[in-house]
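**Q** Sequence first, then the predicted structure:
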Amino acid sequence: MLSDTQVEQFNRDGFLLVKGLLSREDAARYRAAGHALIERLAAHSDMDATWGSARESVEGAGKTKLLHCHDVQFYDAVFTQLICSDAFTLAASRVMGTPNVQLHHTKMFIKPPEKGSPFPMHQDQPYFPHDRNTMIAGIIHFDDAPIEKGCVRVVPGSHKLGPLQHSAEGGWHLPFAEYPVESAVPCPAEAGDVLFFSYLTIHGSGINVSNEARTTLLVQMRDPEDNPTIKTHISRGQGMMLRGINPAGIPEGPK
Ligand SMILES: O=C(O)CCC(=O)C(=O)O
């Protein structure tokens, strides 16, 4: 259970790192399932999801790689159990300030050793704008993510700026000169920690230059009474209730 101080911190800074939400043993189990999944998928497709803009904006990102899988709960039930677990959804509900938590989408990222791709600084809002801006991400760390692994970086308090003008070129991103990745505050994390942040919080991450992969699951969630302003970024499983009820009644499917 998060304390009131932690919730206040989230509201003030736009992000909160929750330590040890999973045990290291459980995190290792999810890590193994995630790596096995990527191996299965890699047999069928090119898994690289590096943003075009990352190659331009971050020195050394010319030949980096980012392995990814969207909607992991459709591939392995352990991820369904994780995103519906009490520990995770209760914490999400506390930071969002609502008893009702609805899934938008999930994506697992593996930043491979020595060449794991960076993310230019951005808000998530331009990808899927909503009326009430309740959307948050919870990044679940399956292994340690120190600075050298390209941990997530944030600009504290930036959620209060509202939606900012982004360039859509090579992935929505903020002007590189004004928002270099290195200028943001690093959020080093350990296996089992979860980093929550608002979809208005400016964030990004650097290259993994360590000798070990960085493995995370990002879960994007909203209040079910917060509606999208445009029909975009629809995904399988969108609208599933992770905690509480959908007061809108019978949902029509992804909206
Ligand atoms: O995992 C990371 O380093 C950042 C991910 C991110 O910014 C995103 O998917 O929007």
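**A** The structure has been received and is ready for your questions.

**Q** so where do the strands sit in the stretch 151-255 of the chain?
**A** 152-154, 185-186, 194-198, 203-205, 214-222, 241-243 (DSSP state E, counting those that start in this stretch).

**Q** closest one to the ligand among these?
**A** Ranking the strands of the stretch 151-255 of the chain by proximity to the ligand (CB to the nearest ligand atom) places strand 203-205 first, at 3.2 Å. Any C-beta I mention is one placed from the backbone N, CA and C, and that applies to glycine too.

**Q** quick one on the thing from earlier: for the strands of the stretch 151-255 of the chain, give me a markdown table that also has mean neighbour count, mean pLDDT and distance to the ligand.
**A** As requested, the strands of the stretch 151-255 of the chain are arranged in a markdown table below (neighbours: other CB atoms under 10 Å; pLDDT from 0 to 100; distance: least, CB to the nearest ligand atom, whole Å):
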| stretch | mean neighbour count | mean pLDDT | distance to the ligand |
| --- | --- | --- | --- |
| strand 152-154 | 24 | 98 | 5 |
| strand 185-186 | 14 | 98 | 11 |
| strand 194-198 | 25 | 99 | 9 |
| strand 203-205 | 27 | 98 | 3 |
| strand 214-222 | 24 | 98 | 5 |
| strand 241-243 | 18 | 98 | 19 |
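
**Q** who wins for proximity to residue 14 among those strands?
**A** strand 194-198 (4.8 Å; CB to CB).

**Q** contacting residues for the closest residue to residue 120 other than its chain neighbours?
**A** Nearest residue to residue 120 in three dimensions, chain neighbours excluded: residue 173, at 3.9 Å (CB to CB, 6 or more residues apart in numbering). Contacts for residue 173 (CB atoms under 8 Å, 6 or more residues apart in numbering) come out as 51, 53, 57, 120, 121, 122, 166, 167.

**Q** Any residues of the stretch 101-250 of the chain in contact with the ligand? List them.
**A** 109, 119, 124, 152, 203, 205, 216, 218 (CB under 6 Å from any ligand atom).

**Q** Recalculate using a threshold of 8 Å.
**A** Contacts of the stretch 101-250 of the chain with the ligand, taken as CB under 8 Å from any ligand atom, map to 107, 109, 111, 118-119, 122, 124, 127, 137, 139, 150-152, 203-205, 214, 216, 218.

**Q** Of the contacts of residue 173, grab the buried ones for PyMOL.
**A** The buried residues among the contacts of residue 173 can be selected in PyMOL (16 or more other CB atoms under 10 Å) with this line:
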select buried, resi 51+53+57+120+121+122+166
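
**Q** Least confident of the contacts of residue 173?
**A** Among these, residue 57 has the lowest pLDDT, at 80.

**Q** which residues sit in contact with that residue?
**A** Shown in contact with residue 57 (CB under 8 Å, 6+ apart): 118, 120, 173, 176, 180, 181.

**Q** now swap in residue 125 and tell me
**A** By CB under 8 Å, 6+ apart, the contact set of residue 125 is 133, 135, 163, 199, 200.

**Q** repeat for residue 197
**A** Per CB under 8 Å, 6+ apart, neighbours of residue 197: 14, 15, 16, 136, 137, 139, 154, 159, 203.

**Q** who does the residue of the stretch 51-200 of the chain found nearest the ligand bridge with?
**A** The minimum distance from the stretch 51-200 of the chain to the ligand, using CB to the nearest ligand atom, falls at residue 119 (4.2 Å). When bridges are called by DSSP bridges, residue 119 pairs up with residue 205.
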